[in-house]
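>>> sequence and predicted structure below; questions after.
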Amino acid sequence: MIEAVISTGTGPAKRSTWIGIAATALPLYLTMIAASAGALVDTALLGRHATATLAAFAIAMAVFSPATATVAGALRGVMPFVTPSKEDPDRLVPVVRSGTWLAIAVGAVAAAAVASVPLIGQVLGVPRVVLHQLGIFPLLLAGSVLAISVSSAATSVLVALGHAKAVMRAGLLGTAASTALSVLLVGGPGPLPSHGLTGAGIAMLASSMISACVNQVSIRRSIVLNGHSLYPGRPNVKQVWALGTVGIPLAGTVLVKFAVLGVLTFAVARIGTDSTAVHSIGISLVNLIFTAAVAVGQATIPLISDCATKHDSTGIRRSVRAGTWLALSVVGCIAASVIILSSWIVPLFTQDADVRQQVTDLLPLVLAVVVADALQAVVGFGLIGLKRTVPSFVATSVCYGVLAAVAAPVATSGGLAALWMALALANFLQAVSKTCSFYRHSTFNDTREYAPTAVREQ
């Protein structure tokens, strides 16, 4: 079934689709890479500030990262509603306003979770000395989550309208502001004092607010929306609910994935300290490489949504084929480069000779995991374009649910390699399930859709 969906398409149309996806995906990918680099700056500066401060930062980010990923996932559901209306301001404006209301609702829930980090830490038994370091940092992060939520809604609109470069501009400006403020407020160069976590929180809040503002300006300057008020006004509950029925399952999918990856970490921790370190580095590499697949997947949504509006099954599948091959090519090349250059790359993560060797030995499995993950992700984004996100949620819940159930015994009996094989298998089974769902939902009955009304009624 996977081969049926990603088989070769026609020449000129295929090349045009590849170029369109790549042109949209590249700015998104650069934005994500820049954001990841900015986060590393915060980690490095806080580590130099104090070990307890870095530990408190890690605790807060353990909630903040899945919260923001969940928000971003939920608001990707706005994209397939924007594309069919991209040339009609009267239809597009209500969608944008409802997207803003969905962002406020989802962002408020996520912000409340982030603001509760001290309480969560107490329940989980985090040492008081670490929690004491938090201060107002969780509140600053909560504000950042709200800004990220509004920014994510705007990002979905801009990508669907074909303005990925505007998203990159907003992301790069936000990252630049975050990096500069982190150096000044956390690093404390020269006579300037270091403000620790509070400084990092201010930098992150300023960054997310700048990105949100720049995105909002870009939307208002777009040709189709120029001169139209985007003030959300009173919520259209029915339309917000329609957006939520596509976006909320995506949020659930992200939460399930984060939760199960956490279970895997605990399962590895039972093996030993070295294995935990190796697993952590492996997951970091997967996340870094997988970003390319996410960028490509997002770039396919407008194309698929446009074809779905026309009930063009051929165009839908051609878009997913092109996105799949592009994602696999990029992800495969990056992962292969990491393996080839492992003697230079792995030492960046650890100086322990034993751990370095174990990480090097794990790299082929890292390749398998990330390639399978890229495959399932692009097909999952295809389902977003079709407004069919529940199948993705079900596939992830079942496959990762089984993985979570067997993680501890697999890790105990087979070690780290066996656990990563199980993770690669879970990703591949997700890809199979999502491909079957995509194939089913992308099949349109042309006779029924285009026949005269009298014929349909018969």
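Thanks, I have it.
>>> going forward, measure contacts and count neighbours with C-alpha atoms only.
Will do.
>>> shaky segments in the chain?
1-15, 43-44, 46-51, 190, 445-458 (pLDDT under 70).
>>> any idea which helix is longest in it?
Determined from DSSP state H, the single longest helix within the chain is helix 390-441.
>>> for stretch 102-110, buried residues please.
102-108, 110 (16 or more other C-alpha atoms under 10 Å).
>>> repeat for stretch 89-104
Neighbour-count burial for stretch 89-104 flags 92-104 (criterion: 16+ other C-alpha under 10 Å).
>>> contact partners of that stretch?
71, 75, 78, 81-82, 85-86, 146, 149-150, 152-154, 157, 224-225, 228-233, 235-236, 239-240, 243-244 (C-alpha atoms under 8 Å, 6 or more residues apart in numbering).
>>> please flag which of those residues sit within helices.
71, 75, 81-82, 146, 149-150, 152-154, 157, 239-240, 243-244.
>>> still on that earlier bit, and of the buried residues of stretch 102-110, the nearest to L383?
L102 (20.0 Å; C-alpha to C-alpha).
>>> quick check: the closest one vs F393, distance?
Plainly put, L102 is 19 Å away from F393 if you go by C-alpha to C-alpha, to the nearest Å.
>>> could you name the helices and strands sitting against the longest helix of the chain?
If contacts are counted by 3 or more C-alpha pairs under 8 Å, 6 or more residues apart in numbering; DSSP states H and E, helix 390-441 sits against helix 2-6, helix 237-269, helix 353-385.
>>> let's have these in a markdown table, adding distance to P302 and mean neighbour count.
As requested, the helices and strands packed on helix 390-441 are exported to a markdown table (distance: least, C-alpha to C-alpha, whole Å; neighbours: other C-alpha atoms under 10 Å):
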| stretch | distance to P302 | mean neighbour count |
| --- | --- | --- |
| helix 2-6 | 18 | 15 |
| helix 237-269 | 15 | 20 |
| helix 353-385 | 7 | 24 |
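>>> got a markdown table for the ones you listed, with distance to W18 too?
Shown next, in a markdown table, are the helices and strands packed on helix 390-441 (distance: least, C-alpha to C-alpha, whole Å):
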| stretch | distance to W18 |
| --- | --- |
| helix 2-6 | 13 |
| helix 237-269 | 25 |
| helix 353-385 | 14 |
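>>> so for R321, which of these sits nearest?
helix 2-6 (4.3 Å).
>>> output the contacting helices and strands for the helix or strand containing R318.
When elements are assigned from DSSP states H and E, R318 belongs to helix 313-340. Secondary-structure packing of helix 313-340 (3+ C-alpha pairs under 8 Å, 6+ apart): helix 2-6, helix 11-49, helix 273-309, helix 353-385.
>>> that helix vs helix 390-441, what angle?
Relative orientation of helix 313-340 versus helix 390-441 (axes from the mean of the first three to the mean of the last three C-alpha atoms, to 10 degrees): 120 degrees.
>>> next SSE downstream of helix 313-340?
Later in the chain than helix 313-340, the nearest helix or strand by DSSP H and E is helix 342-345.
>>> now that next one - C-alpha only, CSV.
What follows is helix 342-345, C-alpha atoms only, in CSV (Å, rounded to 0.1, in the frame of the first residue of the first chain):
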residue,chain,number,x,y,z
SER,A,342,30.3,10.5,13.4
SER,A,343,34.0,10.8,14.5
TRP,A,344,33.5,14.6,14.5
ILE,A,345,29.8,14.9,15.4
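>>> if we look at that helix, which residues are touching it?
When contacts are defined by C-alpha under 8 Å, 6+ apart, helix 342-345 is touched by residues 338, 360.
>>> any idea how far that helix is from the chain center?
Centre-to-centre, helix 342-345 and its host chain are 27 Å apart (C-alpha atoms, centre = their mean, to the nearest Å).
>>> buried residues, it. List them.
Under 16+ other C-alpha under 10 Å, the buried positions of helix 342-345 are S342.
>>> what do you get for stretch 57-65?
Applying a neighbour-count criterion of 16+ other C-alpha under 10 Å, one finds 57, 59-61, 63-64 buried in stretch 57-65.
>>> what separation do you get for T31 and L429?
Distance from T31 to L429, counting by C-alpha to C-alpha: 30 Å.
>>> neighbour count winner among these two?
Using other C-alpha atoms under 10 Å, the more surrounded residue of T31 and L429 is T31, with 24 against 20.
>>> the more buried one is in contact with G174, isn't it?
No: applying C-alpha atoms under 8 Å as the test, T31 and G174 come out as separate, 9.8 Å apart.
>>> could you find the closest non-adjacent residue to the residue positioned nearest the centre of the chain?
Geometric centre of the chain, nearest residue: A69, 5.5 Å, by C-alpha atoms, centre = their mean. Nearest residue to A69 in three dimensions, chain neighbours excluded: V254, at 6.8 Å (C-alpha to C-alpha, 6 or more residues apart in numbering).
>>> surely the one you found meets G73?
Yes: assessed by C-alpha under 8 Å, V254 is found in contact with G73 at 6.9 Å.
>>> out of the helices and strands packed on helix 313-340, nearest to P193?
P193 lies closest to helix 11-49 among the helices and strands packed on helix 313-340, at 10.9 Å (C-alpha to C-alpha).
>>> from the middle of its chain, how far away would that closest one be?
On the basis of C-alpha atoms, centre = their mean, helix 11-49 sits 11 Å off its chain's mean C-alpha point.
>>> any buried residues in that helix, and which?
Residues of helix 11-49 classed as buried by neighbour count (16+ other C-alpha under 10 Å): 14, 17-18, 20-35, 38-39, 41-43, 45-47, 49.
>>> do the same with stretch 268-280
Quick answer for stretch 268-280 (16+ other C-alpha under 10 Å): 268-269, 271, 274-280.
>>> from these, which single one is nearest P138?
The closest of those to P138 turns out to be S280 (C-alpha to C-alpha; 24.3 Å).
>>> and that closest one, what does it touch?
Neighbour list for S280: T265 [criterion: C-alpha under 8 Å, 6+ apart].
>>> and it, how far from D361?
Look at S280 and D361: by C-alpha to C-alpha, they are 14 Å apart.
>>> now V224
In terms of C-alpha to C-alpha, V224 sits 53 Å off from D361.
>>> check R321 too.
Applying C-alpha to C-alpha to R321 and D361 gives a distance of 32 Å.
>>> likewise T155?
Here the distance between T155 and D361 works out to 39 Å (C-alpha to C-alpha).
>>> check the secondary structure at R388 for me.
Under DSSP: H, G, I helix; E, B strand; the rest coil, R388 falls in the coil class.
>>> pretty sure it sits against G247.
No: using C-alpha under 8 Å as the test, R388 is too far from G247 to be in contact (9.8 Å).
>>> contacts only, for A176.
38, 207.
>>> distance of T53 relative to A251?
To A251, T53 is 30 Å away according to C-alpha to C-alpha.
>>> one more: L225?
28 Å.
>>> please apply the same query to Q430.
17 Å.
>>> do the same with A368
Distance from A368 to A251, counting by C-alpha to C-alpha: 25 Å.
>>> cool, and L172?
25 Å.
>>> equivalent analysis for I334, please.
27 Å.
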